[in-house]
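Novice: Turn this into a model:
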Amino acid sequence: QVHLTESGGGSAQAGESLTLSCSASGYTNCGYDMSWYRQVPGSEREFVAIIDNEGSRAYADSVKGRFSISRGAAKNTRTLRMDSLKPEDTATYYCKTDPTKSGGACQPAWGQGIQVTVSS
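Specialist: This is a model prediction of the structure:
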């Protein structure tokens, strides 16, 4: 069974940095894309960044130039480095995986969410 574990959230002052990590377990013989989304109460969940199985990356315009997604040091871990944080980055952040093939253990998954709070 696929399971995503997020870590690294918390509180920061505007202009500071935080790094989120997402560790995926349960993928056997599956490649996957990993993305980050965020959501504030009363709003839709919005896309933040993605790193695909080949390492290509893309970002939402609102975070481009400030956030960086990359492979972590540990296998099956991806990190989201968030620099120059703004109060409007305050949200619950979710990691999401989309396998490059379907069937068996190759199932998409969402993490449980982790809170990021940025104060001015």
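
Novice: K86 and A14 touch, don't they?
Specialist: Yes: between K86 and A14 there is a contact at 5.9 Å, judged by C-beta atoms under 8 Å. Using the backbone N, CA and C atoms, a C-beta is placed for each residue, glycine as well.

Novice: the strands in this structure, which residues?
Specialist: All strands of the chain, identified by DSSP state E, fall at 3-7, 10-13, 18-25, 32-39, 46-51, 57-59, 67-71, 77-82, 91-99, 109-110, 114-119.

Novice: would you turn these into a markdown table with mean pLDDT and mean neighbour count?
Specialist: Shown next, in a markdown table, are these (pLDDT from 0 to 100; neighbours: other C-beta atoms under 10 Å):
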| stretch | mean pLDDT | mean neighbour count |
| --- | --- | --- |
| strand 3-7 | 95 | 16 |
| strand 10-13 | 98 | 12 |
| strand 18-25 | 96 | 19 |
| strand 32-39 | 97 | 21 |
| strand 46-51 | 98 | 19 |
| strand 57-59 | 98 | 14 |
| strand 67-71 | 97 | 18 |
| strand 77-82 | 97 | 22 |
| strand 91-99 | 97 | 21 |
| strand 109-110 | 96 | 16 |
| strand 114-119 | 98 | 16 |
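
Novice: in this protein, which residue is closest to the centre?
Specialist: Closest to where the C-alpha atoms of the chain average out (C-alpha atoms, centre = their mean) is W36, at 3.0 Å.

Novice: who touches the nearest residue to that residue once chain neighbours are set aside in this structure?
Specialist: In space, and not counting its chain neighbours, W36 is closest to V48: 4.3 Å by C-beta to C-beta, 6 or more residues apart in numbering. For V48, the contact set (C-beta atoms under 8 Å, 6 or more residues apart in numbering) comprises 35-38, 59-60, 63, 67, 80, 93.
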